[in-house]
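[1] build me a structure from this.
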Amino acid sequence: MMANTLTSIILVMLFCGSAVGSRTKLFSDKDWVLDSDEGICKLMVEIRGYACEEHMVTTQDGFILSMQRIPMGRSGEASSERAPVLLQHGLLMDGITWLLLPPDQSLAFMLADSGFDVWIGNTRGTKYSRRHTLLDPQDRAFWDWSWDELVAYDLPASFQYVHDKTGQKLHYVGHSLGTLVALAAFSQNQLLSMSRSAVLLSPIAYVGQMTSPLARNAAENFIAETLYWLGLDEFDPRGEAAVNLLKVVCKKPDVDCTDLLTSFTGQNCCLNSSIVDIFLEHEPQSTATKNTIHLSQMIREGTLAMYDYENVYENMKHYGQPTPPMYNMTTIPNDLPLFLSYGGQDALSDVNDVQLLLESLKDHDGDKLVVQYREDYAHADYVMSSNAKQSVYDPLIAFFKLQ
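    Coordinates of the predicted model:
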């Protein structure tokens, strides 16, 4: 382990060069203050002929999150009877995840046209959620969070905001990390009073058997910890450091980066080249390096626990115990309607890890749990596949309408 850590440090120092010690200057400076004409509504929704509203949600710890609302379908028929649906993206993505495909194939537009009131969340640190009541993205404290904080602050604030605006309980759709934060929240008895049902696409809970060569190699070689040690608090996949990191990892004999997306997500069955081009125009997005450390801990340990400070004193200070508490999936209420869909080719949400999750849900009410398995699907298929409408979204919408 020590040899791997030292190797990682040397590799990162080699490609970071003289930039080490310049904490935030490794990444290009960004001005994320938006004009009234900027935002996801203008960029991705209104040009498709849909009404769209930009909303801002402030979390209890001061982050100001961007949220988009599509209150009606293209027909323009508004109704107070429309049930709200909150869509939450995965790691290194933002709300544009749900808007990449043509309107008749994108989940957000399909839901709006099917009579739902659609709300799109954007996690802290992504392009349109880089504001805080006190902090600036150049401050270390702005990036001092992992997905624990998304469970404790982002998701509750988003749920509460939509609930207050609509006066109704929510349906929820998460992809990847968006499933993890929901499952963790549900296991802690959060959000349940505001929830109608939840759909989990490429569900992430346990990741100890993850097969993604890029993700596993980075975790096993403590790459995220090394970047953090070098002072890189923001993990920016488009930044100089991340690009150089990929060059190093891709030189390893067990990693084939000829198809970088496949190396990360698994062999997606049904992406056309045009959708990948659109994806790359908007994604990937930044996250906190601390968040990637947390996920790396989960990959190495195979457990579902809060962030480990790797220090008894720090763990005691944060948790009142020497090791981080576990999230217990068996405490999720058995009567919460759940729809899980996972793929046989998914290298991030591996089928064996999903089986561990399903085992913890074995006592769930039979009529409240729908499990869909797509042998040919990998991680990105769930948000970019040309046949996702027929394969996943139509059954998902039918599930919602039964709740």
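[2] which parts of the stretch 1-150 of the chain are strands?
    53-58, 63-70, 84-88, 117-121, 131-132 (DSSP state E, counting those that start in this stretch).
[3] name the stretch among those strands that sits most buried.
    Most buried of the strands of the stretch 1-150 of the chain, by mean neighbour count (mean count of other C-beta atoms under 10 Å): strand 117-121, with a mean of 29. The way it works is simple: take the backbone N, C-alpha and C, and place the C-beta from them, glycine included.
[4] ok now it, how far from the chain's centre?
    Strand 117-121 sits 15 Å away from the centroid of its parent chain (C-alpha atoms, centre = their mean, to the nearest Å).
[5] now render the strands of the stretch 1-150 of the chain as TSV, adding mean pLDDT and distance to Leu336.
    Output for the strands of the stretch 1-150 of the chain, formatted as TSV (pLDDT from 0 to 100; distance: least, C-beta to C-beta, whole Å):
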stretch	mean pLDDT	distance to Leu336
strand 53-58	97	23
strand 63-70	98	23
strand 84-88	98	15
strand 117-121	98	19
strand 131-132	98	32
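[6] where in the chain is pLDDT low?
    Residue ranges of the chain with pLDDT under 70: 1-37, 78-80, 241-243, 245-247, 249-250, 254-258.
[7] hmm, back to that, how about the strands of the stretch 1-150 of the chain, which one is nearest Thr287?
    Thr287 lies closest to strand 63-70 among these, at 13.0 Å (C-beta to C-beta).
[8] neighbouring strands - and their directions - for the closest one?
    strand 53-58 (antiparallel), strand 117-121 (antiparallel), strand 131-132 (antiparallel) (DSSP bridges).
[9] who wins for proximity to Val162 among those strands?
    Shortest distance between Val162 and those, using C-beta to C-beta, is found for strand 117-121: 5.0 Å.
[10] got the angle between the closest one and strand 84-88?
    Using axes from the mean of the first three to the mean of the last three C-alpha atoms, to 10 degrees, the inter-axis angle of strand 117-121 relative to strand 84-88 is 20 degrees.
[11] and the strands of the stretch 1-150 of the chain: which comes nearest Leu369?
    Closest to Leu369 of the strands of the stretch 1-150 of the chain is strand 84-88 (C-beta to C-beta; 19.1 Å).
[12] distance from that closest one to the middle of the chain?
    Here strand 84-88 is found 13 Å from its chain centre; the criterion is C-alpha atoms, centre = their mean.
[13] and what of stretch 296-312?
    18 Å.
[14] and for stretch 145-157?
    12 Å.
[15] got the end-to-end distance for it?
    Terminal residues of stretch 145-157 lie 16 Å apart, using C-alpha to C-alpha, to the nearest Å.
[16] circling back: quick one: closest of the strands of the stretch 1-150 of the chain to Pro102.
    strand 63-70 (15.1 Å).
[17] and the one helix or strand Ala398 maps to, what does it pack against?
    Using DSSP states H and E, Ala398 sits in helix 394-402. Of the remaining helices and strands, those touching helix 394-402 by 3 or more C-beta pairs under 8 Å, 6 or more residues apart in numbering; DSSP states H and E are helix 107-113, strand 195-201, strand 338-343, strand 369-374.
[18] and the angle from the second one to strand 338-343?
    What it means is strand 195-201. 10 degrees.
[19] now do the next helix or strand after strand 195-201: which elements does it pack against?
    Using DSSP H and E, the next helix or strand after strand 195-201 towards the C-terminus is helix 213-220. If contacts are counted by 3+ C-beta pairs under 8 Å, 6+ apart, helix 213-220 sits against helix 240-250, helix 260-265, helix 289-301.
[20] quick one: those as JSON lines, columns for mean neighbour count and distance to Val370 too.
    What follows is those, written out as JSON lines (neighbours: other C-beta atoms under 10 Å; distance: least, C-beta to C-beta, whole Å):
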{"stretch": "helix 240-250", "mean neighbour count": "18", "distance to Val370": "37"}
{"stretch": "helix 260-265", "mean neighbour count": "20", "distance to Val370": "24"}
{"stretch": "helix 289-301", "mean neighbour count": "21", "distance to Val370": "26"}
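[21] show me the contacts for the most centrally placed residue in the chain.
    Centrality entry for the chain: nearest residue to the mean C-alpha point is Gly90, 1.9 Å, by C-alpha atoms, centre = their mean. Going by C-beta atoms under 8 Å, 6 or more residues apart in numbering, Gly90 touches 97, 174-178, 202, 383.
[22] which residue packs closest to it, ignoring adjacent ones?
    Ser176 (2.8 Å; C-beta to C-beta, 6 or more residues apart in numbering).
[23] and stretch 128-143, what's buried?
    Neighbour counts over stretch 128-143 (16 or more other C-beta atoms under 10 Å) mark 128-132, 135, 137, 142-143 as buried.
[24] rewinding a little: distance of the residue nearest to Gly90 from Gln297?
    17 Å (C-beta to C-beta, to the nearest Å).
[25] and Met316, how many residues sit next to it?
    Neighbour count for Met316, taken as other C-beta atoms under 10 Å: 13.
[26] number of residues surrounding the closest residue to Met298 other than its chain neighbours?
    In this structure, Met298 finds its nearest non-sequential neighbour in Val207, 5.0 Å apart by C-beta to C-beta, 6+ apart. Using other C-beta under 10 Å, Val207 has 26 neighbouring residues.
[27] got the contact list for Val207?
    295, 298-299, 302, 348, 350, 353.
[28] quick check on the contacts of Gly90: which are buried?
    So, of the contacts of Gly90, 97, 174-178, 202, 383 end up buried under the neighbour-count rule (16+ other C-beta under 10 Å).
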